[in-house]
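Visitor: what would the 3D arrangement of this be:
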Amino acid sequence: MAKAVPAPYKAPMIPFRKMQGLGNDFVVFDAREKPVPMTAAKARAIADRHFGVGCDTLVLITPGNERADAVLRFFNADGGEVESCGNATRCVARLLMDESGRPEIRLDSKGGFLVCRDAGKGLVTVDLGVPGLDWKDIPVTHAVDTNGFSIPLDGTEVTASAVLMGNPHCILFVNDAERAPVTRQGPKLETHAFFPSRINVEFAQVKDRGHIRMRVWERGVGVTLACGTGACATAVAAVRRGLTDRKVEVELDGGKLLLEWRESDSHMLMTGPGTTVFLGQLDLDAYGH
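Guide: Sure, this is the predicted structure:
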C-alpha cells in the first residue's frame, strides 16, 4: 500500500496594498477585522527594496474609536514606529472613501486626529490640525525660538526653524534646493543631539510668495520623493518668517501639494493625490520576528 504523501505546507498569506502619494510609497495592511502583528524587524524586512516589497513607510489600518473611522500606525523603513505620515494618510483616506462611498473620513494616529475630505479629481484634503511651535513640542534639548535658531554642524552653524506637524521637522531655507546638501546634512541633523527624538529635515527654497521648492531627508528612511507633513511644516515656517502667504504650492521631487495654513483657526490643510499601485499577498512569518 502506497504511503500517503503529506500535502506541502502552505504559509498563511496576508493581503496588502502598495500605495503612493507623490512617489512617497507605502505598504498598507488592513488590520480592522483581523490583527496584523507587526514588529520593527518585520517592518524593516518588508520595507527592504531588494529582499522585501519595498516602501518608505509601512501602514496598519486598525479599528476605529469613538471619534475616528480607523486608527493608523506607521513604521518607517528602519522599522521605527512614528507618529504621523501625511502622504500615507491621504492614501488611506482615498481607499476608505472609495470603499464607503463617503466624501469624508476621520482618522486617528499617534500624531493626532485627522479629518480627510474628497477634493475631487482623485485629490484628498487632510486637516492636520494646529502645528506645534513650542520648543517642548518638537522636542529640542533646551529653550529656543523655533522660528529661527542656530545649530552647530560641521564646524559651523546653520540656521533652522522647527515645527511639530504630527511628527517633528527641522526646516532649512536655502538659495537653491537642487544644490542643497540633503544627503550630507540631512542624516547629521536627523541624529543631532539637539533633537532627542530625532527629526525630519527639509531643505526649502522660496520661489515666490505662493511657491516653495522643497527636498526632504526623512527620519528613519533617508531621501524620499515627498513628505506631506514636511511640506506642511515648511509652509508654516515660511509664513512665520514672512516669506510666503498662507496659501502656497510646495513642489517636491515627486510632485506638488497645495497647502493652506488657515488663519481663522490655525489648522493646516493639505491637498494632494493618493493612489493604489498594486495588490499583493505575503507570508508575514517570513519577514523577521
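
Visitor: buried set for stretch 209-220?
Guide: 212-220 (16 or more other CB atoms under 10 Å). Every residue, glycine included, has its C-beta placed from N, CA and C.

Visitor: got the residue ranges for the helices in the stretch 51-200 of the chain?
Guide: According to DSSP state H, counting those that start in this stretch, the stretch 51-200 of the chain carries its helices in the segments 86-100, 182-190.

Visitor: contacting residues for residue 93?
Guide: If you count contacts by CB atoms under 8 Å, 6 or more residues apart in numbering, residue 93 has them with 105, 107, 114, 116, 124, 126, 274.

Visitor: cutoff 10 Å now
Guide: 69-70, 72, 104-107, 114-118, 124-126, 274 (CB atoms under 10 Å, 6 or more residues apart in numbering).

Visitor: now the helices of the stretch 51-200 of the chain in CSV, with distance to residue 237?
Guide: Listed next are the helices of the stretch 51-200 of the chain as CSV, based on distance: least, CB to CB, whole Å:
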stretch, distance to residue 237
helix 86-100, 15
helix 182-190, 14
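
Visitor: of these, which stretch is the most buried?
Guide: helix 86-100 (a mean of 23; mean count of other CB atoms under 10 Å).

Visitor: now do that one, average pLDDT.
Guide: For helix 86-100, the mean pLDDT works out to 96.

Visitor: numbering from 21 from now on, please.
Guide: With 21 as the first residue, the last one maps to helix 106-120.

Visitor: from the contacts of residue 113, which is closest to residue 163?
Guide: residue 134 (29.4 Å; CB to CB).

Visitor: is the closest one in contact with residue 116, as I believe?
Guide: No - if you go by CB atoms under 10 Å, residue 134 and residue 116 don't touch, sitting 11.8 Å apart.

Visitor: residue 221 against residue 194, yeah?
Guide: No - Residue 221 is beyond contact range of residue 194, at 11.5 Å (criterion: CB under 10 Å).

Visitor: mind checking the SS state of residue 62?
Guide: Put simply, residue 62 is helix when judged by DSSP: H, G, I helix; E, B strand; the rest coil.

Visitor: so what's it up against?
Guide: By CB under 10 Å, 6+ apart, the contact set of residue 62 is 56, 72, 78, 95, 99, 304-309.

Visitor: could you do residue 37 as well?
Guide: Contacts of residue 37 (CB under 10 Å, 6+ apart): 46-50, 79, 81, 111-112, 115, 296-300.

Visitor: could you redo the last one with a cut-off of 7 Å?
Guide: Contact analysis of residue 37 by CB atoms under 7 Å, 6 or more residues apart in numbering lists 48, 296, 299.

Visitor: count of neighbours near the last one?
Guide: A count of nearby residues for residue 299, using other CB atoms under 10 Å, gives 9.

Visitor: just to revisit the earlier point, residue 34 is nearest to which of the helices of the stretch 71-220 of the chain?
Guide: Minimum separation from residue 34 across those (CB to CB) falls at helix 106-120, 16.6 Å.
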